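sequence unavailable; structure follows:
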């Protein structure tokens, strides 16, 4: 249940209204990374999060605060749009707000596109949702920063500084909530990925470009066990396609993170099983080898030396895909 | 420049086509977290990333691979939709694909909504974009996992296992790229946030709910310097609004991360400065009510030493940011 | 500022979950006439309504209650969707919610279309907005009624009965607020309409149809001063086009309702006037042919029992057309 | 069947074309409250209205006239957009119309958003649709009024005055049609609302705001039987939730307006009944008491003493909420 | 599988960046007729075109080239948008690109609408798709031509000239592919149309308009067997409705083009047949009023010789319309 | 001006209503290639076509007929949807139409997506618009054909046969109108394309695929002057980029089709010219390297049997490539 107090969460003062800036601000009212998007994303995630009441509380705490922010940024916009009602030129530059909306704030972005639920990222998988929220808060922070750079009005700056600061508060809180799930950063859901191929960084873009760009090297090709693989189109051997083993039988399907804390909406086990042709032997065999491998890999990972495990994994002529 | 090789990146085999499952799969073709969304998001980020040619290469490597994935998942869907052309009942259940599209794959999601650019998250701020990509890959991973749970067709599972695995590859690469920027996890852009208020976790949702939920405590209220603050609506003192100091003058604006590596599209300094009326007095006056802390903080700001104030704010030497 | 209490405004109990019915219910969560649409429409109207603080309060009272309803209907849907997570068939019939959303509620309507701000009707003209709200509440009432007719689950029915009842409460409140503005039902804004032509009911559809339909007569052709006019295409004389006198000069523009209470966002008088070329003569000339007609039509008005203010407007020598 | 006569319903003359104003005008061509929206809303309502051939005729009369208006406003826009084809600056300010559309009118609103069926309000419930139409005509009237205030071109003003006037004509006709249904203004569909709770005006927004707003009182809290109820969040007792009785059995469901004239698409009775657990006795009993109560409640309403009926309704050991 | 080479297909040089022109150019990046629309339309058509591997190759050749064009036009736009990052005024005029996107290119059209799959025309019927592609290339050509007319920057013109030229290349290729199918230009799919009525040009718009327009005559009323028919609304006899014979039984359904080369996704024959009630008599009865002509036509149908009736229709004075 | 006659253009009889089929039919009511799309596309093209009153008449004749078709297909759908109002199961399968719309027809496609103006293709360039219309009619024809294949109801088939037939009528008329413009099939607008490069068919997709596809040859690589060119990525020499000469100065810009009949909205000549810096030297220099090549390519042209006008354009000493 919601209650509204007329007092704004932050008192808005605008010295010199600027309709153009009011339009820019709409990005944070009815835009893709704006306050309604944040409020709806976190709130609906929270309503769906029935298996983790602690983080549900977190999602609703912040979701509700974003509603209060929506009100604050709405008030700021209204004040900047004020001249719309009296100034002909301003109105001509802003026909949608003035003619259709009478000069007030509307649920649109800075160029008048109606807000859409397509902006939201809600998967019902808590750790995934928290990652989406971390990204959302980062986007909101940078947008407020850009807005601050386009105004000199002290009251406006203060309001935006308040809102920008709060996004970082939320960034911290979502990050802490994600960490507290104690999941590996690369473990999403329950199904294990295929060892060899997961570590192949595929070089899909090569050659020299017109702006000085060329085929570069960076830690993203060698961290966390990754190593680069050249495309067949560039004379390389391509990805180790043969390594894939999706495993048809339900029980045989690779699981990861047996002990992880976070609940998952995936529910691998509860889906009614269907009979699967006898591939168990082959599968078990393969899983077995993989199991050992994975253990050693975990160790290597811990030591921060991913490359060796990769060699181990991708090696061996035993696999016959 | 792009080149297409007719060989799929992963050879698709479907034993038993299932139109309903083909529809589900559309989520990864023309859906919000699907392969086209990924391809476009990374590729356009890469095209815009002219100041960091190394990570531009990364974005185009992966963006291009996602295009190849789009082709793979498209082939998988086509095979599952095959009965649409011959079976009346299947066609009635799937009118858009059959009647408008002739029975092939279309750029829609699992319920027939046309793909939209609104799915994309592109800010032109590299570290923010990388966070968005980490979230995108996490979503894609869980969606593939769910899909795998709804099929028993071995060839289909293998294909999905391949695609799911590659998402984790990308997750690793984007994470490594973000880490290599050597930015603080809570530092976005250049403008510093306001110290006191950034650490106040606001308790916007309270009381006891119908599903056992209540006002919980968790690390997200006490990590990274955070501490809980009760809302006025719940008898608390509310946020430290008075702490805000947006600082109207350009030079005075708090900067963070003077030495950070990542370029930013915000360009605080390059925006042509406009004279700002002497409002410092007024500002100071307004802030005055908010006590000593604020004054000293303003000073810290002026000195460009944000780290100390953060330590002060979060108190205690125990925390290790 | 908003605060959230975890207790639902109405406690939801579902005896037998029904995924199909859960989908239907989405119409009231993320659909065109659903609770979010209502909450946003009234709330934003309220935020914009700075000249009438009394009715602003009304709009925020009801806008906030609709947010609480959104939460209630969301809880109801979640409970009905529960089998989605365990039942394969249910999931196949509902791929978007299950595969992309994990089985929870999403901001979509009953067929999976994302909520859009295009659903909202906000003009910033208070009496118009109240009419839009009356229509909105009527639509919400009938949608809840239809939903009730598709369930036998007692707890579900109780919840829907609660929500349906509240829509009528709001319908009453908005109607009272509109009446309290003491405006004529046909007076919108400030500009007067052209007397003669406003009373011509134009018969644009004629002949006999295949379903027994024919050219009918009804009170809508003869009430409030109206009388039917046949189209030229049907051998009639058509509308009294010549009667129109838009009047180019600002002062000359017909005003209606000089004494009306409601504020208007139109602000006829404040727009900066521009010199208008002397076209009065030409205008007068054009009007001349229809002057007589207009007088006699004014008389017809009198017979149709127009309100006193209408007679004043259309008659009198004060106007200089 | 439609026929088109090349003669416009109103002859358009534009003295001085103004591209900016042409853009504004698009709001009434391809905008949310524009002529196509009106034409489609009324026409489709009319096509669906097979049980009331008289009002079907009304809907088609007006729906067809709106098509003729679409043509008129389209012609007006084309004339104002003329400089687009010759003037470079105008073209740069209007890229979509000039580059994609060649400089003519397009099915977009004033900021270039494509027209969407989401603008339409069609429920298939005649009295509800008429309320939606009354609101639509009110919106169209105020939009035309605003447009008139931004032009000094006599021919343009005349055209807009014509179109604005016709909206009021339609407003009258729809109002008359609604009145002729002889339904109570608060009776929508067939299902009765719950007596006690329907009259509780819930005070969801309280306190004092920054713009002078405070918790106000108005007739909307005391008219039509309403009386204010304070939220629990504000120390009040909240809504009389216990009063709700949705009644599971079909026959037992409260009906309103047994004798009302208007047909309804809800068809309570025709839905195939499903067996419902034995709550009939309890229900019938309660309905009985409610009947009497409702009479006395009307009285109580007048007196503003709702509490007794609430106690009665919510009391009784039979119901176990 | 796709590969990306960093070298652009055409090297882009911009002498004088022009943000306004950069916006215009977005029409060809994220607009309705832009390069992504082309790339997606042809590529997905190609992926679906499994029965004609030759033309599948064509579709993928060109679809891939359009991706390379997307990159070229994206680079051109980025260069024109450069001032966005440094110039305050430019940024205010372009809030979406600057504030949300950081100043880079985005997947939107010239007024900031997100790209949508609704732009695509994909039917899965090869000859129809080729016609759609011919139209698409024509639109793209004219849009590039218009763009060229709004710039004087030599490097920009060269780039646009390159892109414009390639559209005509594709126009030629698609035209050749359509011709090579050796289908009659008016033969789409397999079902024959009804002879008499197919040749009736219906005069739906008559009279004299305000811009000199009147009821004209042209070759479109008399070519390919066509002849004009006046509407009943204009005193004519209307279309020969009675001529229609849809033929309920599957075998009886008129086929055209028995020997045509192009495959079709329609698969008339493979749909599982359902028994059809003996309605032939009734049908004949209904048709009876429409005289001998109909009977003979039915006969022609039955014989599977549609060509003769066509010849009859288009030739000779025997027909009495 | 429009007039509506209640008589349908084709009398609709439905023997056995089928809700599923009613949904399919919506594709032609509110779908991408449906009757409203056709009506709006042709009608708005016609309104914009002020320089060619003959073809304007054509566009309005057919645009108006499509409105009548919209009514016919709407009536057909309504009859098929009838069981929605009485049958619970049908309603559950069709929640949007039943719950939000009351069971009538709505402006949506077969899966409930609202109609959007994004479906329309309107460029204001007559010959381009006619090509778009030819494609539109082809799509509509095939969609009706597919619909016919999914019904056995005689009355339904007759109605669809009528509508399908009329699409071919329009296809003929638009084709005749395009031919009567006497433009070369590859001449769009006024600007000439660059000779050499226009004839290079670029082989962007190569290799062998999994479904038997390989790099094919076809007339689309050798007709109309075309010849294949291999990509650099495949070891070829790539496109003759150097051949491009956009020509910065207005007068110098290549014109094609000096004598063509069709008007164009491009108006190359009327755009106000801006002085262009002397870049001719540089341009010539850049071109120099490719001059020889171009000559020989011009020769290739000749062998590829270009049309006479093309030879004229690409030849001649007037142009200085």
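Yep, that arrived. Note that the structure is predicted; figures quoted are calculated from it, not measured.

low-scoring stretches of chain A, by residue?
Applying pLDDT under 70 to chain A flags residues A:248-321.

which single residue of it ends up nearest chain F?
Residue nearest to chain F within chain A: residue A:233 (7.0 Å; CB to the nearest CB). Every C-beta, even on glycine, is put in place using the N, C-alpha and C of the backbone.

close to chain D: what parts of the stretch 1-150 of chain A are there?
Residues of the stretch 1-150 of chain A found near chain D (CB under 8 Å from any CB of the partner chain) are A:1-8, A:11-12, A:75, A:88, A:91-93, A:95-96, A:98-100, A:102, A:111-114.

can you select the buried ones from the residues you listed in ChimeraX?
The buried subset of the residues of the stretch 1-150 of chain A next to chain D, as determined by 16 or more other CB atoms under 10 Å in any protein chain shown, is captured in ChimeraX by this line:
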select /A:1,2,3,4,5,6,7,8,12,75,88,91,92,93,95,96,98,99,100,102,111,112,113,114
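
show me the residues of the stretch 1-150 of chain A next to chain D that map onto helices.
A:75, A:88, A:91-93, A:95 (DSSP state H).

near chain B too, which of those residues?
Near chain B, by the rule CB under 8 Å from any CB, you find none of these.

chain B: which of those residues is nearest?
Once CB to the nearest CB is applied, the member of those that ends up nearest chain B is residue A:75, at 14.2 Å.

would you confirm that the closest one contacts residue A:9?
No: with contact defined as CB atoms under 8 Å, residue A:75 does not count as touching residue A:9 (10.1 Å).

isn't residue A:32 right up against residue A:119?
Yes: assessed by CB under 8 Å, residue A:32 is found in contact with residue A:119 at 4.7 Å.

looking at those two, which is more packed in?
Between residue A:32 and residue A:119, residue A:32 has the larger neighbour count (other CB atoms under 10 Å in any protein chain shown), namely 27 against 24.

quick check, the residue in the stretch 101-250 of chain A closest to chain D?
residue A:112 (3.6 Å).

run a quick neighbour tally on residue A:242.
Residue A:242 has 11 nearby residues by other CB under 10 Å.

where do the helices sit along chain A?
Here chain A has its helices, by DSSP H, at A:19-25, A:27-30, A:35-48, A:53-81, A:88-93, A:95, A:126-148, A:154-179, A:195-198, A:280-303, A:306-314.

quick one, the fourth one and helix A:35-48 angle?
For helix A:53-81 against helix A:35-48, the angle by axes from the mean of the first three to the mean of the last three CA atoms, to 10 degrees is 160 degrees.

please see if helix A:53-81 touches chain C.
Yes: shown here: helix A:53-81 in contact with chain C (CB under 8 Å from any CB) through A:57, A:60, A:63-64, A:67-68, A:71, A:74-75, A:78.

can you lay out those as JSON lines showing distance to residue F:208?
What follows is those, written out as JSON lines (distance: CB to CB, whole Å):
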{"residue": "A:57", "distance to residue F:208": "57"}
{"residue": "A:60", "distance to residue F:208": "56"}
{"residue": "A:63", "distance to residue F:208": "53"}
{"residue": "A:64", "distance to residue F:208": "58"}
{"residue": "A:67", "distance to residue F:208": "57"}
{"residue": "A:68", "distance to residue F:208": "60"}
{"residue": "A:71", "distance to residue F:208": "61"}
{"residue": "A:74", "distance to residue F:208": "59"}
{"residue": "A:75", "distance to residue F:208": "63"}
{"residue": "A:78", "distance to residue F:208": "63"}
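
ok, so of those residues, who is nearest residue A:22?
Nearest to residue A:22 among the residues of helix A:53-81 next to chain C is residue A:78, at 8.0 Å by CB to CB.

what's the local residue count around that closest one?
Residue A:78 has 23 nearby residues by other CB under 10 Å.

which ones are touching residue A:46?
Contacts for residue A:46 (CB atoms under 8 Å, 6 or more residues apart in numbering or on different chains) come out as A:56-60, A:63.

next: residue A:77.
A:22, A:25-26, A:29, A:105.

drop anything exposed from the residues you listed.
Members of the contacts of residue A:77 classed as buried by 16+ other CB under 10 Å are A:22, A:25-26, A:29, A:105.

now for the residues you listed: which two are most distant?
Most distant of the buried ones among the contacts of residue A:77, by CB to CB, are A:22 and A:29, 9.8 Å apart.

anything in contact with each of residue A:32 and residue A:119?
In contact with both residue A:32 and residue A:119: residue B:118, using CB under 8 Å, 6+ apart.

nearest residue to residue A:243 in space, please, no chain neighbours.
Spatial nearest neighbour of residue A:243, chain neighbours left out: residue A:196 (3.9 Å); criterion: CB to CB, 6 or more residues apart in numbering or on different chains.

residue contacts, the residue nearest the centre of chain A?
Centrality entry for chain A: nearest residue to the mean C-alpha point is residue A:132, 2.5 Å, by CA atoms, centre = their mean. With contact set as CB under 8 Å, 6+ apart, residue A:132 has these partners: A:41, A:121-123, B:135, B:138-139.

most neighbours of all those, which one?
Going by other CB under 10 Å, residue A:123 tops the contacts of residue A:132 with 31 neighbours.

which phi and psi values does that one adopt?
Listed backbone geometry of residue A:123 is phi -110, psi -10, with angles given as degrees, to the nearest 10.

what about residue A:222, neighbour count?
18.

again with the one 10 residues further on
Applying other CB under 10 Å, we find 16 residues neighbouring residue A:232.

contacting residues around the residue nearest to residue A:129 when sequence neighbours are not counted?
Closest residue in space to residue A:129, ignoring its immediate chain neighbours: residue A:45 at 4.8 Å, by CB to CB, 6+ apart. Contacts for residue A:45 (CB under 8 Å, 6+ apart) come out as A:59, A:63, A:122, A:124, A:129, A:133.

need the max-distance pair from those.
A:63 and A:124, at 15.2 Å, using CB to CB across the contacts of residue A:45.

point me to the residue of the stretch 151-300 of chain A nearest chain E.
residue A:209 (3.2 Å).

so that residue sits against residue E:11, correct?
No: using CB under 8 Å, residue A:209 is not in contact with residue E:11; the gap is 9.8 Å.

next one: the closest residue to residue A:137 other than its chain neighbours from residue B:101, what distance?
Sequence neighbours aside, residue A:171 is the residue nearest to residue A:137 in space, at 4.1 Å (criterion: CB to CB, 6+ apart). From residue A:171 across to residue B:101, the span is 42 Å (CB to CB, to the nearest Å).

over to residue A:244?
Taken as CB to CB, the span from residue A:244 to residue B:101 is 30 Å.

the more surrounded of the two?
residue B:101 (28 against 24).
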